[in-house]
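In: Got a predicted structure plus its sequence, pasted below:
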Amino acid sequence: MIEPLSVSQVIELVHEELEWIECKQSWWAPDGIGKYVSALSNAAAIHDEPFGYLVWGINDAGNLVGTSVDHRCQVGNQPFEHWLKSRITPNGVDVRFAKSSEGHPVLAMSVGAAAMAPTRFDGIAYVRVGTATPKLHDHPDLESRLIQKLAHKTSEDDLAARDLSDDEVLDLIDGDSALKLLNAAETLSSAAILDRLAAERIIVADATGRWSVTTGNALLFARSLGAVSDQLARKAPRLIFYQEDSRTQSKGEITGVKGYGPG
């Protein structure tokens, strides 16, 4: 399962003006936060990011100043997180809070990207346009892009691994075998292999310059499916030997380790 970026990793991106990240200093408005959940979730899906983020402790100039905001509060007689999640649809949108107390205290809320349908707060879908959070239906172009993304999304499009260095992604993905399947006969340097894998969208660079690999490409080109995740290991190719003249009684099997391409 892909985990959200750490608080420190999100802080590194706040100057990038990304529509799936928003920063506040000490602003706190439950209804407004609910709108951000919807807007950031939908923006993350549009931009092919697994999460969107709302970060407290950053001022308007983008400086780290810290915050006194605490999400462990009440709205009426309900804990804030329970109140918030009960008003978000579809059910199951991944909303988490993480805090960093190193130096200036920072609070980050991560929101899973929209998956099956646009994410809504109180029945209304929002989106990000620059730093604004308008209603999605007021921007038909973005609504169309989001619907197309969701319509073509499959489980193989989900990220199996992310935040990988050059060495880590080459340890995970059998680049030589992948390039042979793409008819790249010449021997390439590690840097050239990375460039070719990226050009073929087998690996994808994220906003931090690190690498991500989708489930589909991991299934094809992983050196070891088990090294990616237990879930992919269960999808490893299997060769089953049956008793003579029987297709119901097996006498043994071999389970593969590599992905289906180099395996």
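Out: Cool, got the structure.
In: quick one: low-confidence ranges for the stretch 101-250 of the chain?
Out: In the predicted model of the stretch 101-250 of the chain, residues 153-157, 184-187, 240-242, 245-250 satisfy pLDDT under 70.
In: Show me the strands in it, by range?
Out: Taking DSSP state E, counting those that start in this stretch as the criterion, the stretch 101-250 of the chain carries its strands at 106-112, 120-121, 124-125, 159-164, 204-205, 211-214, 238-242, 250-255.
In: can you redo those as TSV with distance to E12?
Out: All C-beta spots, glycine's among them, are computed from the backbone N, C-alpha and C. What follows is the strands of the stretch 101-250 of the chain, written out as TSV (distance: least, C-beta to C-beta, whole Å):
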stretch	distance to E12
strand 106-112	12
strand 120-121	28
strand 124-125	29
strand 159-164	12
strand 204-205	15
strand 211-214	16
strand 238-242	42
strand 250-255	40
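In: As CSV, the ones you listed with mean neighbour count and distance to L18 would be great.
Out: Listed next are these as CSV, based on neighbours: other C-beta atoms under 10 Å; distance: least, C-beta to C-beta, whole Å:
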stretch, mean neighbour count, distance to L18
strand 106-112, 23, 13
strand 120-121, 22, 21
strand 124-125, 18, 20
strand 159-164, 19, 16
strand 204-205, 14, 14
strand 211-214, 22, 15
strand 238-242, 10, 42
strand 250-255, 10, 41
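In: Of all these, which one comes closest to I147?
Out: Go through the strands of the stretch 101-250 of the chain one by one with C-beta to C-beta and the one that ends up closest to I147 is strand 124-125, at 10.6 Å.
In: In the sheet, which strands lie alongside the closest one, parallel or antiparallel?
Out: Each strand that pairs with strand 124-125, with its direction, by DSSP bridges: strand 120-121 (antiparallel).
In: Got phi/psi on the residue nearest to the spatial centre of the chain?
Out: When the chain is reduced to its mean C-alpha position, the nearest residue by C-alpha atoms, centre = their mean turns out to be P50, at 2.1 Å. Dihedral angles of P50 (phi, psi; degrees, to the nearest 10) stand at phi -70, psi -20.
In: Disregarding flanking residues, what is the spatial nearest neighbour of it?
Out: Using C-beta to C-beta, 6 or more residues apart in numbering and skipping residues adjacent in sequence, the residue nearest P50 is I2, 5.1 Å away.
In: wait, doesn't that neighbour sit right on D206?
Out: No - distance between I2 and D206: 11.2 Å, which falls outside the contact criterion (C-beta atoms under 8 Å).
In: Common neighbours of the two, please.
Out: Shared between the contact lists of I2 and D206 (criterion: C-beta atoms under 8 Å, 6 or more residues apart in numbering) are residues R162.
In: before we move on, the earlier item: contact partners for the residue nearest to the centre of the chain?
Out: 2, 4, 44, 112-113, 158-159, 162.
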